[in-house]
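In: below is the sequence, then the predicted model.
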Amino acid sequence: MPEQNTRSQSPEELFNQAISLHEQGSLQDAISLYQELLIHFPSAVLLHQNIALAFSDSGNYQTAHNHFQKAAELSPEEPSVQFSLAYSYKNIGELQQAAEIYQSLLQSDEAQPEILYNLGNCYKDLGNNESAISSYRKVLSLVPNHKSAINNLAFMLHKENQLEDAIDCYKLLLEIDSENISARYILSVLTGSDEIDCPPDTYIQEVFDSYSDHYDKSLVKDLEYCVPDKILSAFNSLGLTTRFSDVLDLGCGSGLAAETLSHLCLHFTGVDLSSKMLGLASDKNIYKELYCSPIEEFLANSDKQYDLLLAADVFAYFGSLKNVFRKARLAAHGKSIFSFSAEVNETYGYSVRKSGRFAHSVDYIEKSLQAAGWKSIYTEETGIRKERGEWINGVVVVAIPAV
C-alpha cells in the first residue's frame, strides 16, 4: 500500500492515484487502492474494470476474470464491458465462451474490426481454421493494413496449405513491416528464394511464445506428439534405468520430456529461447535451473558436463547438426548419454520443409554424430507427431561418446 495517508484523500483522488500507480507499473499498490475503494463502492463498474485490468497485467487472470464478470453483471448492456469479459474468458482458456460473446457483439454491428480480430484469434486457438481465416479477411476488408490480422491470416493460410494466398499475405506484411524477420523467413521457405541453413532465433522465439497458452494440449492431444515416450522406451530397451544426476534439457519448452523422464533424473537444467515456454516449465517445479538462451550459445559458454543431454523435437529448427553435436559433446563426460529426435528426410543431408521445419536423413545424422565424437547405440525410425492428420516420420536416437 502506498505510504501516503489515504484517509485524507477524496475517493476521486484515490481513484486517480490508483490509475497513476497502475500506469507506472506499481500493480500491487494500485490493486490495494482499488480494493479500498471497492469496500465503499462495491457496485462501481469502472472500479471492477480497472482492478481487473491490474490483476490481468500482473498475470492473475482468474481474479481478473472474477472482477470482469462482476462488472458485466452490474452493466450487462454495455458493449465495452462485454468486450473485456470476452477477452478475459480467452485469458483463462475458455475460448468458446469468449467467441460467443464476440459473436453477440457483432450482431448489432458487423463492422467492428477489433471484435472480428479477437473472434478470429478464438477460432484460431479452437482449431476452427476456416472461421479464423474468414474473420481475419473481414478485418482486412475494413482495415486493409491491420498488421496483426495480416500476420495471423498468413499463418492460418500457411497452416491450411493455401500456400499461394499465404505468400501474398507475407509479401503484404513485409510491405507494412519490412523488418519482420519471421515473415521474411517463412516467405523465403515458401518461395525457395534463398538458401536457408537455419531459422532465425527471433522466428523460433515468436513461434513458441505464441503457442505457450495452449502448447501442451496442442502438441500432445491434437498432434499426438510422442517423442518423450519414445525416448523413455529407448532407455528401457537399452536397460538405462539408473538415475541420472545432472540432466541438460536442450530446447526444453514446457517441460514435456522432463515430466516423462523425471523418475530417472535428479537435477534438470532447461534451456529454451522462449521466455513464455520457460514460464510453463518453471510452473511444473521440475527444473533446478532454467536459462533463456540459444542452445549453441549456452553450450559454448557452459563449463559443466552432464550425465544426460536431451533434445526432444529440437533439431527441426536446425539445418546443419555438426556444430551443435560437437558442442553437446563438450558438455558431456565419457559416460554421458545424448538422446534426441529429428524429422527424417529421405535424401542425404538436410532440407527445410514448407512448414519452416528442417528434416535430416538418418545417414547424415549418423555421420554428423561420428564427426562430433558420438556413437549411436539406438536408432528408431517412427512417427513422432501428426501434421494435418498425417504422421510425420522421424527418428529417435540414443548416443554415447565414441571411445
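Out: Arrived safely, thanks for sending. Numbering: from 1, shown residues only.
In: ranges for the helices of the stretch 51-200 of the chain?
Out: For the stretch 51-200 of the chain, applying DSSP state H, counting those that start in this stretch gives helices covering 61-74, 79-91, 95-108, 113-126, 129-142, 147-159, 163-176, 181-191.
In: show me the domain layout of the protein.
Out: 6-191, 210-401 (automatic domain parsing).
In: do you know which of those domains lies nearest residue 202?
Out: Comparison of the domains of the chain against residue 202 by CB to CB identifies domain 6-191 as nearest, at 4.4 Å. C-beta here means a position set from N, CA and C on the backbone, and glycine is covered the same way.
In: what sits against residue 278?
Out: 252, 270, 272, 290, 292 (CB atoms under 8 Å, 6 or more residues apart in numbering).
In: hmm, 6 Å instead?
Out: 272, 290, 292 (CB atoms under 6 Å, 6 or more residues apart in numbering).
In: reformat those as CSV; add secondary structure.
Out: As requested, the contacts of residue 278 are exported to CSV (DSSP: H, G, I helix; E, B strand; the rest coil):
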residue, secondary structure
272, strand
290, strand
292, strand
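In: filter the residues you listed down to the buried ones, ChimeraX style.
Out: Per 16 or more other CB atoms under 10 Å, the buried members of the contacts of residue 278 correspond to this ChimeraX selection:
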select :272,290,292
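In: in a strand, residue 381, correct?
Out: Yes: when classified by three-state DSSP, residue 381 is found to be part of a strand.
In: quick check: end-to-end length of stretch 179-198?
Out: Using CA to CA, to the nearest Å, the end-to-end distance of stretch 179-198 comes to 18 Å.
In: gap between it and the chain center?
Out: Counting by CA atoms, centre = their mean, to the nearest Å, stretch 179-198 is centred 20 Å from the centre of its parent chain.
In: before we move on, back to that, same list, the helices of the stretch 51-200 of the chain, but as CSV with distance to residue 37, mean neighbour count and mean pLDDT please.
Out: Output for the helices of the stretch 51-200 of the chain, formatted as CSV (distance: least, CB to CB, whole Å; neighbours: other CB atoms under 10 Å; pLDDT from 0 to 100):
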stretch, distance to residue 37, mean neighbour count, mean pLDDT
helix 61-74, 13, 19, 96
helix 79-91, 18, 20, 95
helix 95-108, 27, 17, 95
helix 113-126, 29, 22, 95
helix 129-142, 37, 19, 98
helix 147-159, 34, 22, 97
helix 163-176, 42, 17, 97
helix 181-191, 43, 19, 96
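In: format these as JSON lines; extra columns: distance to residue 313.
Out: Below are the helices of the stretch 51-200 of the chain laid out as JSON lines (distance: least, CB to CB, whole Å):
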{"stretch": "helix 61-74", "distance to residue 313": "28"}
{"stretch": "helix 79-91", "distance to residue 313": "27"}
{"stretch": "helix 95-108", "distance to residue 313": "25"}
{"stretch": "helix 113-126", "distance to residue 313": "21"}
{"stretch": "helix 129-142", "distance to residue 313": "22"}
{"stretch": "helix 147-159", "distance to residue 313": "18"}
{"stretch": "helix 163-176", "distance to residue 313": "23"}
{"stretch": "helix 181-191", "distance to residue 313": "18"}
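In: reformat the domains of the chain as CSV; add distance to residue 204.
Out: Output for these, formatted as CSV (distance: least, CB to CB, whole Å):
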stretch, distance to residue 204
domain 6-191, 9
domain 210-401, 5
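In: between those domains, which one is closest to residue 198.
Out: Of all the domains of the chain, domain 210-401 comes closest under CB to CB, at 4.7 Å.
In: now the element after the least confident helix or strand in the chain by mean pLDDT, going C-ward?
Out: Using mean pLDDT, DSSP states H and E, helix 215-216 stands out as the lowest-scoring helix or strand of the chain, at a mean of 70. Using DSSP states H and E, the helix or strand that follows helix 215-216 towards the C-terminus is helix 227-238.
In: flag every buried residue along that following helix.
Out: Buried residues in helix 227-238, counted by 16+ other CB under 10 Å: 227, 228, 230, 231, 232, 234, 235.
In: distance from the chain centre to it, please.
Out: On CA atoms, centre = their mean, the centre of helix 227-238 falls 25 Å from the chain's centre.
In: ditto for stretch 84-98
Out: Relative to where its chain is centred, stretch 84-98 has its mean C-alpha point 18 Å off (CA atoms, centre = their mean).
In: hmm, back to that, among the buried residues of helix 227-238, which one sits closest to residue 313?
Out: residue 227 (5.3 Å).
In: wait, the closest one sits on residue 310?
Out: No: if you go by CB atoms under 6 Å, residue 227 and residue 310 don't touch, sitting 9.7 Å apart.
In: what's the closest of the contacts of residue 278 to residue 244?
Out: residue 290 (17.8 Å).
In: so the closest one touches residue 270, yeah?
Out: Yes: look at residue 290 against residue 270 with CB under 6 Å: they come within range, at 4.7 Å.
In: thinking again about what came up before, quick one: which of the buried residues of helix 227-238 is nearest residue 63?
Out: Within the buried residues of helix 227-238, the smallest distance to residue 63 is 33.2 Å, found for residue 228 (CB to CB).
In: mind listing what the closest one touches?
Out: Here residue 228 is in contact with 256, 257, 260, 312 (CB under 6 Å, 6+ apart).
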